[in-house]
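A.B. asks: Let's see this in three dimensions:
(one chain, ligands or ions: 1)
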Amino acid sequence: MALYKYSTHLAQSDHAAFDAKEKPGTVVVNSGIYRCATCGDEIAANKGNPLPPQNHHQHPNKAPIEWQLLVCSVQK
Ligand SMILES: [Zn+2]
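C.D. replies: Modelled structure (predicted):
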């Protein structure tokens, strides 16, 4: 689970970008922290770069890796 200390620097959002589940290797359009919807593993990804490949981590039951945006960085 992602952690933070100062809640004044985070804001809740209902944007649809947080609902999409992306496959390994997908080039992301949002920089931020992504969470595997299957196991809870978390990674940081940069806009324009691919998410980690399928062999980044494995699930015991061979369930697919599905990355979901957890915290979106807002760049000025
Ligand atoms: Zn996983």
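A.B. asks: Spell out the residue ranges of the helices in the protein.
C.D. replies: In the chain, no helices are defined using DSSP state H.
A.B. asks: Near the ion, which residues of it? Just list them.
C.D. replies: Residues of the chain lying close to the ion (CB under 5 Å from the ion) are C36, T38, C39, D41. The way it works is simple: take the backbone N, C-alpha and C, and place the C-beta from them, glycine included.
A.B. asks: Tell me who's in contact with the last one.
C.D. replies: Residues in contact with D41 (CB atoms under 8 Å, 6 or more residues apart in numbering) are R35, H57.
A.B. asks: re the thing from before, out of the residues of the chain next to the ion, which one sits closest to L51?
C.D. replies: Closest approach between these and L51, by CB to CB: C36, at 9.9 Å.
A.B. asks: I'd like to know how far the residue most central in space within the chain sits from the ion.
C.D. replies: When CA atoms, centre = their mean is applied to the chain, the residue found nearest the centroid is Y34 (1.2 Å). The gap separating Y34 from the ion is 11 Å, by CB to the ion, to the nearest Å.
A.B. asks: likewise P50?
C.D. replies: 16 Å.
A.B. asks: likewise N55?
C.D. replies: For N55, the distance to the ion (CB to the ion) stands at 12 Å.
A.B. asks: Now for that residue, how many residues are close by?
C.D. replies: Neighbours of N55 under the rule other CB atoms under 10 Å: 8.
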